[in-house]
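**Q** this is the structure alone, sequence omitted:
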Ligand code: HSE
């Protein structure tokens, strides 16, 4: 008879409890599908006494996740604690060192320490699987590593932070200010303990870095992600974008360009009628483009107990079936250290600025744009009460560097108040 596959779980928050529930409820189904009995032997969390609504009595308890990771009676260390370093990393390293496979939902740890951990796993003949770290329940790592294995990936796009998408769509649909929508998300418990992880784009940036590594065969490089959060987006931007047929999304994009690997996580305009433009609320969407397959769109819940636990179980089931491949889809030693490229690929941009409403003001701005090599495609000036008029310009495709030269020139004049807002318009 096949030996059971024995698990140890560290971290019993929402996801850990979700995994336990599925393991308790579906033990026979999982055995039928994988050919192995999957048993949870030991658990670890910060507090043993806390009532989590699941029965913990049948499992060995460890206070220290590192001790759990080294136990002789586990085959897979399931890391659900979170945090890029500290106990999560120490326990993952200990598990690999002790010859265990690792399944984790930890995007920060994998985005920052993924290459070193992948090398360690391979030295030990072990695997690390992290489906739950990117876009919750959406099987995007599996799609890249398996379903699209015969493609060269040409581009990845994604809305991968549900909280930001919730805030932006509430600003759009309920006409809330950024602050009001943020507070609503807070009341609903959507925000991370440090909200900057969400609204600053960091959480989504970690996910993008992981996807880029798997898609382009590069060493994961979170430091190479250009990051911009949603904090400067106003209701005026949302309305103006809508007026011109766009929606604003915190969008991750990555592609291998001439200058190197482009990885951006920033607010962008996408066509309102595109699948990304129509994505409402806390849902995630990842768009993958391959040279043979063309474009595929994956959509689903990016967070929450059930969806994230579903992804963790997918990884556990693969290991139970004996289905193993390198951590980032190809051997760690073959992953390229790509040169990070800062948005060299030209794109149209949306520019919003406050323009002094007096003769010659617009001519000055137009001259600055022209001198920087930026061509105007569409332009609107809205009615206003004060001395400064809200002006919107959509440019023709331009490299970001040219736009930055124009913005510096505009900011230095006496006709533009404050710093213009510039958002890339992404073709999807
Ligand atoms: N805070 C994330 C989100 C989920 O809002 O999508 C965890 O990555």
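**A** Arrived safely, thanks for sending. Here the structure is a predicted model, which is why all the values come from computation and not from measurement. Numbering: from 1, shown residues only.
**Q** where do the strands of the stretch 201-350 of the chain begin and end?
**A** For the stretch 201-350 of the chain, the strands defined by DSSP state E, counting those that start in this stretch occupy 226-227, 246-257, 260-271, 283-290, 294-301, 349-356.
**Q** can the fifth one be said to contact the ligand?
**A** No - in this structure, strand 294-301 remains apart from the ligand according to CB under 6 Å from any ligand atom; the gap is never smaller than 9.2 Å. C-beta: built from backbone N, CA, C; applies to glycine.
**Q** contact partners for whatever residue of the stretch 1-150 of the chain ends up closest to the ligand?
**A** Here the stretch 1-150 of the chain gets closest to the ligand at one residue, residue 107, 6.3 Å apart by CB to the nearest ligand atom. By CB atoms under 8 Å, 6 or more residues apart in numbering, the contact list for residue 107 reads 130, 133, 134, 203, 206, 207, 210.
**Q** JSON lines for those, including pLDDT?
**A** Written out in JSON lines, the entries for the contacts of residue 107 read as follows (pLDDT from 0 to 100):
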{"residue": "130", "pLDDT": "98"}
{"residue": "133", "pLDDT": "98"}
{"residue": "134", "pLDDT": "98"}
{"residue": "203", "pLDDT": "97"}
{"residue": "206", "pLDDT": "98"}
{"residue": "207", "pLDDT": "98"}
{"residue": "210", "pLDDT": "98"}
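**Q** farthest pair in these?
**A** In those, two members sit farther apart than any others by CB to CB. They are 130 and 203, at 14.4 Å.
**Q** coming back round to it: redo the strands of the stretch 201-350 of the chain as CSV? Include mean neighbour count and mean pLDDT.
**A** Putting these into CSV (neighbours: other CB atoms under 10 Å; pLDDT from 0 to 100) gives the following:
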stretch, mean neighbour count, mean pLDDT
strand 226-227, 17, 96
strand 246-257, 24, 96
strand 260-271, 24, 97
strand 283-290, 22, 98
strand 294-301, 15, 97
strand 349-356, 21, 96
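**Q** could the ones you listed go into a markdown table alongside distance to residue 421?
**A** Rendered in a markdown table, the data for the strands of the stretch 201-350 of the chain read as follows (distance: least, CB to CB, whole Å):
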| stretch | distance to residue 421 |
| --- | --- |
| strand 226-227 | 16 |
| strand 246-257 | 10 |
| strand 260-271 | 9 |
| strand 283-290 | 24 |
| strand 294-301 | 28 |
| strand 349-356 | 5 |
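**Q** phi, psi for whichever residue of the stretch 201-350 of the chain sits closest to the ligand please.
**A** The stretch 201-350 of the chain approaches the ligand most closely through residue 303 (3.7 Å), counting by CB to the nearest ligand atom. Residue 303 has phi and psi values of phi -160, psi 180 when expressed as degrees, to the nearest 10.
**Q** in contact with the closest residue to it other than its chain neighbours, which residues are there?
**A** If you skip the residues right next to it in sequence, residue 303 has residue 136 as its closest partner in space, 4.9 Å away by CB to CB, 6 or more residues apart in numbering. Remark: with contacts taken as CB under 8 Å, 6+ apart, residue 136 is in contact with 162, 284, 300, 301, 302, 303, 304, 307, 308, 311.
**Q** can you count the residues close to the residue nearest to the second one when sequence neighbours are not counted?
**A** If I follow you right, that is residue 284. With CB to CB, 6+ apart as the measure, residue 302 is the residue that lies nearest to residue 284, at 3.1 Å, once sequence neighbours are left out. The burial metric for residue 302, expressed as a neighbour count using other CB atoms under 10 Å, is 27.
**Q** do I have it right that residue 302 meets residue 137?
**A** Yes - under the criterion of CB atoms under 8 Å, residue 302 lies in contact with residue 137, with a separation of 7.4 Å.
**Q** residue 146 in helix, strand or coil?
**A** Taken by DSSP: H, G, I helix; E, B strand; the rest coil, the conformation at residue 146 corresponds to helix.
**Q** cool, residue 23 as well?
**A** When the structure is split into helix, strand and coil by three-state DSSP, residue 23 lands in helix.
**Q** swap in residue 132?
**A** Reducing the assignment at residue 132 to three states with three-state DSSP gives helix.
**Q** quick one, what contacts residue 21?
**A** Here residue 21 is in contact with 54, 305, 309 (criterion: CB under 8 Å, 6+ apart).
**Q** again, 10 Å this time
**A** By CB atoms under 10 Å, 6 or more residues apart in numbering, the residues touching residue 21 are 53, 54, 305, 306, 309.
**Q** which of those residues are buried?
**A** Among the contacts of residue 21, the ones that count as buried by 16 or more other CB atoms under 10 Å are 305, 309.
**Q** dump the contacts of residue 21 to JSON lines, plus pLDDT and distance to the ligand.
**A** Conversion of these to JSON lines gives the following (pLDDT from 0 to 100; distance: CB to the nearest ligand atom, whole Å):
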{"residue": "53", "pLDDT": "92", "distance to the ligand": "21"}
{"residue": "54", "pLDDT": "93", "distance to the ligand": "21"}
{"residue": "305", "pLDDT": "95", "distance to the ligand": "12"}
{"residue": "306", "pLDDT": "96", "distance to the ligand": "14"}
{"residue": "309", "pLDDT": "98", "distance to the ligand": "13"}
